[in-house]
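Novice: I'd like to go over a predicted model; first the sequence, then the structure.
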Amino acid sequence: MGKESRIMEYYISKQEEVDFVLNQSAIDAEDFQVEKAFSKSIRTKKDTTTYNAHSYPTKVPPEGITPFIKHYTKPGDVVLDPFCGSGMTGLGVRMFTSDSGEQRNVILNDLGTAATHIAYNYNNPVDANELESEFNKILQKLSKFRTDMYKTYHSLDKNFPLNTIKLDKLSKAKSNNGILSIKQNGKVYQFVEAEIVTAIWSEVNECTNCEGEINLWEVAMNPKTGKMAKSFKCTHCNTTHSRKDFKSPKSSEATYLIYEYTCPKTNRLKRSERNMTSFDREILSKLERKRITTWYPTQDISPKREMMTMGPAKLGITKVSDFYTKRNLNVCSQIWNEIDKLKCERTKAALKFACTNTFWHATRMRRFNVKGGMRPLTGTLYVPQISAECNVFKVLTKKVNELVKFYSLNIFKKDLLSGNIQTCHLNESATDLKPIPDSSIDYIFTDPPFGGNIFYSDCNVIWEGWLNKLTDDTKEILFNRSRKPKDGGKTRSDYHMLMDSAFSEMFRVLKSGKWASVVFNNSDNDILAGFLDSAVKAGFQVEEVTFFDKDQKSVKGYMGQKGIQNVTNLDIVLTVRKPLEDSKVKSISRKKVDDRFIYNQIQKYLADLPKKIRQDSTLFTEEHRTTPFLHSMLLRKFIKKNIDLRELTIERINFICENGGMNYKNGHWYIKQSNTEVAA
């Protein structure tokens, strides 16, 4: 693995550290028992300084976790998250401790390398001033390298034909207060050096008629609106094409630049954009011929991985490094190398935290967006036909500035001075939490993988490439949709068996009489029913089901809200309890219900909704009329009443509402009373 994998050793807690944290829970379970489950639904927002410190495929906002910590724990208790992901449970504990002054401790575990890296840096303080200072030193050291990597030129004469000038002439021009004067055809033209902010790369396809090259950006994209034409013509033979005509591109090339320069008259930074010129291509050609002298990730990625079968493998991507342009791979490599030279391990780790987030943006996966906010598509390895190559230094500088603010928050200040919050990090499978003894945990809050929704080890392969340790996906708890068992794929049965083991481990480590809250989001009721089976088989009692509304939806969530896709957009929190030793778990015998029962439940909820909105418009909204919400509402009732979940589909709810005479407008269902719609 080499020196790069040593950072994982820095993150993972030693056994004596885990034992120390567990010993902080001084009061026995019998002395402190919560007898009633937390029953309030939660609504919170994602767009916060803490939430945005680093991206991750799924995150539970920590502000929404703190009410659970308050309800289920006492000072000195140890909270466990066996599927910690980005470590939001730890932040929730930290926030509550900071606000209340009552110490809780936390153990964060995840199988994933990237998750361990992100959770550690989310939950451990760093000197923000030192972080900023060390980063500025790196910027200073790499300033010339940065100029060389992202250099272009801006003409101060709007009508100058840029493609008529060679790079050699620009390079040799003398500067007078930053202005380059070039004589051509008896006239003097002025240029200034500029820095590329974004380079647009476009697929180049082969015309099926004349075999001529078709640059997709040039023939189909409107750079002012950001919209791509559905059909376009070959510039060589005039044959009409659509994007679907091309299964795999012939190549990809830099086509368009967005750049910044300092205006000589005002001394202010200005932004401009234009097509690539002949001298831009000369610069890029030199960069692509340049050998990268520092380490970068070259791990092989199996083309049979779930996310690879959906596009990257067809583009010839076989290694982590293939997700980058040569320029950005070189830049990322040089920055990573400079960070590795730092003496302070904590500052080094925090800067790598900034880098992993930024280096994801630096890939070919970054999508062009004329409105700004260009970023890769979360939860995939999708490489778009039009990609936006970022200026790594600019994106990284912004991220470091954000982290300086993040690490300056009050939730870290007290800890930095006194070390009063104990956080341990484990990198184990949730099916085998061997560092944690039996009956040692006071409360569990966790957000397990949702069946085949997200393939974390695939999605995180870019980050893990830089950390030089890819997650062992044979231990990952999921089921595959495309990857066959003979190629290492898992079935639904595999998923349920692994989840059985995970719930058994949660039951083993939890103290008697204590609680676990399990967040779930999946429109596949077979998966949720399997969750319940796993919990009961492990020995848990199912006590409560509540909603967790993250407010800001994913792309799929918005499509579900609008009725475009049959997906749920609300999380459900399943709360279970490990019974006291003299208690016995009752087996669940689930009953079936007919369409009339479901219709009556929906009708009653919609009839009461206007009153609920008037009473609490922060928790109840018109969105509660959507099918995905009604699905979540019914799931909650079904679980509490031990009703079979498997046949409660979104399609069935739509059918029942429609056949029951309800009105459907703009994705919302309305009932009728005396021929008048019930509305808020």
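Specialist: Nice, I can see it.
Novice: low pLDDT regions in the stretch 551-680 of the chain?
Specialist: 551-569, 582-588, 673-680 (pLDDT under 70).
Novice: show me where it has its strands.
Specialist: 571-577, 663-665, 668-670, 672-673, 676-677 (DSSP state E, counting those that start in this stretch).
Novice: so which of these is nearest residue 114?
Specialist: strand 571-577 (21.7 Å; Cβ to Cβ). In this view, the C-beta of every residue, glycine as well, is placed from N, C-alpha and C.
Novice: outside of the closest one, which residues touch it?
Specialist: If you take Cβ atoms under 8 Å, 6 or more residues apart in numbering as the criterion, strand 571-577 is touched by 37-38, 42, 60, 68, 447, 513-521, 528, 531-532, 535, 540-550, 632, 635-636, 639.
Novice: just send the strands of the stretch 551-680 of the chain back as TSV, with distance to residue 138 and mean neighbour count too.
Specialist: What follows is the strands of the stretch 551-680 of the chain, written out as TSV (distance: least, Cβ to Cβ, whole Å; neighbours: other Cβ atoms under 10 Å):
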stretch	distance to residue 138	mean neighbour count
strand 571-577	39	23
strand 663-665	56	12
strand 668-670	52	20
strand 672-673	66	12
strand 676-677	62	10
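Novice: do a quick rundown of the helices in the stretch 351-500 of the chain.
Specialist: Secondary structure of the stretch 351-500 of the chain (DSSP state H, counting those that start in this stretch): helices at 392-406, 410-418, 456-459, 461-467, 492-509.
Novice: which one of those helices has the lowest average pLDDT?
Specialist: The minimum mean pLDDT among these belongs to helix 410-418 (a mean of 64).
Novice: and the gap between residue 282 and residue 539?
Specialist: 69 Å (Cβ to Cβ, to the nearest Å).
Novice: turn the helices of the stretch 351-500 of the chain into a markdown table, including distance to residue 224 and mean neighbour count.
Specialist: Shown next, in a markdown table, are these (distance: least, Cβ to Cβ, whole Å; neighbours: other Cβ under 10 Å):
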| stretch | distance to residue 224 | mean neighbour count |
| --- | --- | --- |
| helix 392-406 | 23 | 19 |
| helix 410-418 | 43 | 15 |
| helix 456-459 | 33 | 24 |
| helix 461-467 | 31 | 24 |
| helix 492-509 | 47 | 20 |
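Novice: and residue 650, which of the strands of the stretch 551-680 of the chain is closest to it?
Specialist: strand 668-670 (12.2 Å).
Novice: who are the packing partners of the closest one?
Specialist: For strand 668-670, the packing partners by 3 or more Cβ pairs under 8 Å, 6 or more residues apart in numbering; DSSP states H and E come out as helix 595-615, strand 663-665.
Novice: just say which of the ones you listed is most tucked in.
Specialist: helix 595-615 (a mean of 15; mean count of other Cβ atoms under 10 Å).
Novice: what does it contact?
Specialist: Outside helix 595-615, the residues touching it (Cβ under 8 Å, 6+ apart) are 619-622, 624-625, 630, 633-634, 637, 648, 652-653, 656-657, 659-660, 662, 669-671, 673, 678-680.
Novice: from the contacts of strand 571-577, which land in helices?
Specialist: If you go by DSSP state H, the contacts of strand 571-577 have 68, 528, 531, 532, 535, 632, 635, 636, 639 in helices.
Novice: as JSON lines, the residues you listed with distance to residue 218 and neighbour count would be great.
Specialist: Listed next are the ones in helices among the contacts of strand 571-577 as JSON lines, based on distance: Cβ to Cβ, whole Å; neighbours: other Cβ atoms under 10 Å:
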{"residue": "68", "distance to residue 218": "54", "neighbour count": "25"}
{"residue": "528", "distance to residue 218": "48", "neighbour count": "24"}
{"residue": "531", "distance to residue 218": "51", "neighbour count": "25"}
{"residue": "532", "distance to residue 218": "55", "neighbour count": "22"}
{"residue": "535", "distance to residue 218": "56", "neighbour count": "24"}
{"residue": "632", "distance to residue 218": "46", "neighbour count": "22"}
{"residue": "635", "distance to residue 218": "50", "neighbour count": "23"}
{"residue": "636", "distance to residue 218": "53", "neighbour count": "19"}
{"residue": "639", "distance to residue 218": "55", "neighbour count": "21"}
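Novice: between the residues you listed, which is nearest residue 96?
Specialist: residue 68 (9.3 Å).
Novice: which stretches in the stretch 301-450 of the chain count as strands?
Specialist: Using DSSP E, counting those that start in this stretch, strands in the stretch 301-450 of the chain cover 386-390, 423-426, 441-446.
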